[in-house]
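K.L.:
A structural model of the following input is requested.
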Amino acid sequence: MAKPLNFILWKPEGAPDFSPGGATFTDGTTIELASAAASYVDENGLDLTQISFCLVLESEGNELASHTFQMEALGGATNLWLLANPKETNPNGSFTGVFIQALCDLPATQTSLTIKIGVIANGDTTWINEGNLVFDGSAGSTKYQELLPLFDDVSASRNEAVQATTQAYEQKREDEAKARHAANYFEVFFKSSHESQTTYVICKDLKSQSETIIEVQPNARVSKEFWRGSNHEILAYPQNVSKDHAHKVTTVNETQENQEILVR
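P.N.:
Residues are numbered from 1 along each chain as shown. Model (predicted):
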């Protein structure tokens, strides 16, 4: 005799609900089957490569859709799905759009459903699970219809989603790194007004007295970063003049962030 089938209802918004059966679900909900498939295979010493599984969706004794498939693994995070979203879950053999299509074809009202799971071995089918749900289609099935094209190539759909998530994560990391950097440093720009000679700019930290010299080509613009909270004396001298004769240009702190300083 088939054991009662339990369900995990993954709503489009909010946390998933565990249901022992009889629950009502609406458009866009994906449904993971908390089935006895893994334990049945273990208890009977079955080889996954030698058996198949069958999912059947019925309403009032009439079959709406069925799906026969094999699984490469079972248990843990690998379970059977009645309604799946390839963008959110790694596909397995149970992934199919036929049940979603069946729901899209139902009238816009509440429909009682029966879900059965069978194991096919040596040509014989053993029904190991059976459960009931109610689909409330009164608000339509737009979200389910949007999922259907993803089943043309479930692996490609999943890979595309993973890539998009990875890119979004990397962009977030990059943005966070830029924000941290901006919190620690400020930037100013040195612009040469000399048309033919290179200008050397001395940035002297007024606390440590350390110096940094940057080169600014004729008519060029060069950026320089400084620690926030620091104060630097800015001196400049052209290429044909000794550093000892550098002249003071200004003093820089973070109030000059992103400003341009003319040097010669």
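K.L.:
which residues touch A220?
P.N.:
Shown in contact with A220 (CB atoms under 8 Å, 6 or more residues apart in numbering): K191, S192. Placement of C-beta: from N, CA and C, glycine included.
K.L.:
please report how far it lies from N79.
P.N.:
63 Å (CB to CB, to the nearest Å).
K.L.:
now swap in D27 and tell me
P.N.:
In terms of CB to CB, D27 sits 22 Å off from N79.
K.L.:
and what of T26?
P.N.:
22 Å.
K.L.:
following the helix-or-strand element of the chain with minimal mean pLDDT, which helix or strand shows up next?
P.N.:
In the chain, no helix or strand scores lower on mean pLDDT, DSSP states H and E than helix 154-184, which sits at a mean of 80. Scanning forward in sequence from helix 154-184 by DSSP states H and E, the next helix or strand is strand 185-192.
K.L.:
list the neighbouring strands of that next one plus their orientation.
P.N.:
Sheet pairing of strand 185-192 (DSSP bridges) gives strand 221-227 (antiparallel), strand 260-263 (parallel).
K.L.:
can I get the CA coordinates of the shortest one in CSV?
P.N.:
Extracted as CSV, the C-alpha positions of strand 260-263 are listed here (Å, rounded to 0.1, in the frame of the first residue of the first chain):
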residue,chain,number,x,y,z
GLU,A,260,42.1,69.6,-9.5
ILE,A,261,45.3,71.4,-8.5
LEU,A,262,47.2,73.3,-11.1
VAL,A,263,51.0,72.8,-11.0
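K.L.:
where does the stretch 151-264 of the chain dip in pLDDT?
P.N.:
Applying pLDDT under 70 to the stretch 151-264 of the chain flags the ranges 158, 161-162, 165.
K.L.:
on the three-state scheme, E32 is what?
P.N.:
strand (DSSP: H, G, I helix; E, B strand; the rest coil).
K.L.:
how far away is it from D244?
P.N.:
77 Å.
K.L.:
from A236, how far off is R264?
P.N.:
For R264, the distance to A236 - CB to CB - is 7 Å.
K.L.:
shared neighbours of these two, which are they?
P.N.:
Residues touching both R264 and A236 by CB under 8 Å, 6+ apart: T199.
K.L.:
which of the two has more neighbours?
P.N.:
A236 (23 against 14; other CB atoms under 10 Å).
K.L.:
these two touch, right, the more buried one and T199?
P.N.:
Yes. Under the criterion of CB atoms under 8 Å, A236 makes contact with T199 at 5.6 Å.
K.L.:
so what sits against both of the two?
P.N.:
V263, R264.
K.L.:
for V154, see how far away Y169 is.
P.N.:
22 Å.
K.L.:
got the contact list for G137?
P.N.:
Residues in contact with G137 (CB under 8 Å, 6+ apart) are T26, D27, L103, L106, P107, A108, T109, Q110, T111.
K.L.:
repeat that for K143.
P.N.:
P12, D27, G28.
K.L.:
those residues into TSV, with extra columns for secondary structure?
P.N.:
Compiled in TSV, these are given as follows (three-state DSSP):
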residue	secondary structure
P12	coil
D27	coil
G28	coil
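K.L.:
what about V134, which SS state?
P.N.:
With three-state DSSP as the basis, V134 sits in strand.
K.L.:
tally up the residues packed near S210, please.
P.N.:
Neighbours of S210 (other CB under 10 Å): 10.
K.L.:
for S223, that is, sorry about that
P.N.:
Residues near S223, counting by other CB under 10 Å, number 11.
K.L.:
L106 now?
P.N.:
Neighbours of L106 (other CB under 10 Å): 15.
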